[in-house]
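Participant: sequence and predicted structure, then a few things I'm wondering about:
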Amino acid sequence: MAAAREAERRQRQRDELIGVVVFVAVVIIGLAILNRVIPGFLSTLLEGLGVMNK
C-alpha cells in the first residue's frame, strides 16, 4: 500500500517537472518568435526588466 502511494507521488512529481519544463520551453520559443517578428523586442524587454530590477 505504501509502495503504491510512493510510486504515485513520484509520478506526480515527474508530471509537474515535465509541465514546468514544457512551460519554460514555450515561453522561450514565444519570446524568440516575438523577437523575430518585432526586431529589438527582446532587448527592449530586457532593458525594461533591468530598469525595474534596479
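Facilitator: Yes, it's here. Numbering: from 1, shown residues only.
Participant: any idea which residue is closest to the centre of this structure?
Facilitator: The residue lying closest to the centre of the chain (Cα atoms, centre = their mean) is residue 24, at 1.8 Å.
Participant: that one and residue 36, how far apart?
Facilitator: 19 Å (Cβ to Cβ, to the nearest Å). Just so you know, the C-beta spots here come from the backbone N, C-alpha and C atoms, and that holds for glycine as well.
Participant: mind listing what's buried along the strand or helix carrying the residue nearest to the centre of the chain?
Facilitator: Assigned by DSSP states H and E, residue 24 belongs to helix 2-37. Neighbour counts over helix 2-37 (16 or more other Cβ atoms under 10 Å) mark no residue as buried.
Participant: check which helices and strands the helix or strand following that helix sits against.
Facilitator: Once the chain leaves helix 2-37, the next helix or strand it forms, by DSSP H and E, is helix 41-53. Applying 3 or more Cβ pairs under 8 Å, 6 or more residues apart in numbering; DSSP states H and E, one finds that helix 41-53 makes contact with helix 2-37.
Participant: can you give me the angle the helix it packs on makes with helix 41-53?
Facilitator: Helix 2-37 runs at 110 degrees relative to helix 41-53, counting by axes from the mean of the first three to the mean of the last three Cα atoms, to 10 degrees.
Participant: for helix 2-37, packing partners?
Facilitator: With contacts taken as 3+ Cβ pairs under 8 Å, 6+ apart, helix 2-37 sits against helix 41-53.
Participant: contacts for the helix it packs on?
Facilitator: By Cβ atoms under 8 Å, 6 or more residues apart in numbering, the residues outside helix 41-53 that reach it are 31, 34, 35.
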